[in-house]
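A.B. asks: Kindly generate the corresponding structure for this input.
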Amino acid sequence: MAEIPTATLEDLVVACKRASRQVATLSTDAKNRALRAMADALEAHEAAILEANQRDLDGAAERGLSEAMTDRLTLTPERIARMADALREVASFADPVGEMAETRRRPSGIEVGRMRVPLGVIAMIYEARPNVTSDAAGLCFKAGNAVVLRGGSEAVHSNRAVAAALHEALEGEGGDPAAVTLVPTTDREAIKDLIRMSEHLDLVIPRGGEGLIRFVDEHSRVPVIKHYKGVCHLFVDETADLDVALDLLLDGKLSRPGVCNALETLLVHEAVAADFLPRAHRELAAHDAELRGDAATRRILGESVPEATEADYEAEFLAPIIAVRVVDGLDAALDHVATYGSQHTEVIATESVAAARRWVREVDASVVLVNASSRFSDGGELGLGAEIGISTTKLHAFGPMGLEALTTQKFVVHGAGETRHAVPPRAS
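C.D. replies: Okay, here's the model as predicted:
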């Protein structure tokens, strides 16, 4: 597989912008063929990708990266297969580009509609996850965009191997490999240079730790889609089926503690706390998970349970740790989420239709779930295919972002010679 070409950063971005014009005009069939070729290339080069990933994992061990970061960095044959399947799934989705919203005839006689169009050139800045290299490339490409990818130093070999496979596929389909541009340097200063290129870039999407996202937001001259962290809550209402609630807790906290849709805080109605908390504590302890509780929780479970601090309720642990608070009702749970939530994902376990409706209506989060695990807050699980990121800001997207969020709309007007004002008489 070819090495990433050496060029200045601006040269690379200019080439990517040039390629974006080609991608924007490709037919749906052409884009789908390229996406399927990319998927095939990932599988064909599995051995090389895994070898490169092992180099990154060896480096991660030397640098003492956290368990959560190492998990995100790790590729396996199964994960590469899922990356390929995600590209094929994106190929199977309806193409949003060119989609026309309902047209309306105005009193002037003109017909006004809105056409969905690509954003242009998107910069992805991310840490650890080499799957983002293919996920972002596939989604941006299907939505008619070109993408500049700047991965972290911890995944440099993996990202290069994945990008090389994607380039091979693009070239094989007659496409411009610059449509998927991987920045060859991991120098953090290069991020500053990249996100100041407002004349070439249309959007920046950072994915990673809160520090990276705040850094990008602070220095960018290009619009930024962001979410700082996922402080996700499960509220066990007094009407909840406690078996269901326990399943939601264990899946949300333990299945992958290091991801942003994992639960970080458990809120329990005081009416069921004495029944539910001992069961929850036993199950969490059996999986070596730590529970930190408020005074009411510690009265039920004993003083051996560590006391939860204000910082614990604000924390995204990304580890098998969960903060717990007993609340006196739905209003208190809503107040807690409003105070400590991160607008990411919030779950209620309840059998009350009224409580569920209030939760859905009043919780300010991009994904709100009733009797379902927080781990469903994922583009693939929500039907978007591979997601490019999650937005907890509300412009221009909110929640997991799929194809449609990578496009915008332009007005299209058809007329039959209508003018807004009277036209002056012609001279002849």
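
A.B. asks: What ranges does the stretch 201-350 of the chain have for its strands?
C.D. replies: In the stretch 201-350 of the chain, the strands defined using DSSP state E, counting those that start in this stretch lie at 203-207, 232-236, 263-269, 290-293, 321-327, 345-349.

A.B. asks: wait, which of these is closest to F215?
C.D. replies: Closest to F215 of those, according to Cβ to Cβ: strand 203-207, at 8.1 Å. Where you see a C-beta, it was placed from the backbone N, CA and C, and this is true even at glycine.

A.B. asks: The closest one packs against which elements?
C.D. replies: Judged by 3 or more Cβ pairs under 8 Å, 6 or more residues apart in numbering; DSSP states H and E, the packing partners of strand 203-207 are strand 121-126, helix 210-219, strand 389-391.

A.B. asks: domain assignment for this structure?
C.D. replies: 9-228+392-413, 232-376 (automatic domain parsing).

A.B. asks: for V97, what are its contacts?
C.D. replies: Residues near V97 by Cβ atoms under 8 Å, 6 or more residues apart in numbering: A24, T28, R116, V117, P118, A143, G144, T407.

A.B. asks: How confident is the prediction for it, by pLDDT?
C.D. replies: In this model, V97 is scored at 98, pLDDT.

A.B. asks: just for the stretch 251-400 of the chain, where's the confidence low?
C.D. replies: Where the stretch 251-400 of the chain drops to pLDDT under 70, the residues are 385-386.

A.B. asks: what about the helices in it?
C.D. replies: 270-286, 295-301, 310-314, 330-340, 353-362 (DSSP state H, counting those that start in this stretch).

A.B. asks: before we move on, the earlier item: got TSV for the strands of the stretch 201-350 of the chain, with mean neighbour count too?
C.D. replies: Shown next, in TSV, are the strands of the stretch 201-350 of the chain (neighbours: other Cβ atoms under 10 Å):
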stretch	mean neighbour count
strand 203-207	26
strand 232-236	28
strand 263-269	27
strand 290-293	20
strand 321-327	24
strand 345-349	30
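
A.B. asks: and these as a markdown table, adding distance to R55?
C.D. replies: Listed next are the strands of the stretch 201-350 of the chain as a markdown table, based on distance: least, Cβ to Cβ, whole Å:
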| stretch | distance to R55 |
| --- | --- |
| strand 203-207 | 22 |
| strand 232-236 | 33 |
| strand 263-269 | 32 |
| strand 290-293 | 33 |
| strand 321-327 | 31 |
| strand 345-349 | 34 |
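
A.B. asks: So which of the ones you listed is nearest D312?
C.D. replies: Nearest of these (Cβ to Cβ): strand 321-327, 4.2 Å.

A.B. asks: Grab the CA positions of that closest one and hand them over as CSV.
C.D. replies: Extracted C-alpha coordinates of strand 321-327, given in CSV (Å, rounded to 0.1, in the frame of the first residue of the first chain):
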residue,chain,number,x,y,z
ILE,A,321,-17.4,3.7,38.2
ILE,A,322,-20.9,5.2,38.6
ALA,A,323,-22.2,8.0,40.8
VAL,A,324,-25.6,7.4,42.5
ARG,A,325,-28.2,9.7,43.9
VAL,A,326,-31.6,9.0,45.5
VAL,A,327,-34.2,11.5,44.5
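
A.B. asks: helices or strands up against that strand?
C.D. replies: With 3+ Cβ pairs under 8 Å, 6+ apart as the test, strand 321-327 has strand 263-269, helix 270-286, strand 290-293, helix 295-301, helix 310-314, helix 330-340 packed against it.

A.B. asks: quick revisit: of the helices and strands packed on strand 203-207, which is nearest V148?
C.D. replies: Per Cβ to Cβ, nearest to V148 of the helices and strands packed on strand 203-207: strand 121-126, 4.5 Å.

A.B. asks: State the paired neighbours of the closest one in the sheet, together with their directions.
C.D. replies: Within its sheet, and counting by DSSP bridges, strand 121-126 is paired with strand 146-150 (parallel), strand 203-207 (parallel).

A.B. asks: So for N131, which of those sits nearest?
C.D. replies: strand 203-207 (10.7 Å).

A.B. asks: remind me which residues of the stretch 51-200 of the chain are low pLDDT?
C.D. replies: If you take pLDDT under 70 as the line, the stretch 51-200 of the chain has no such spans.
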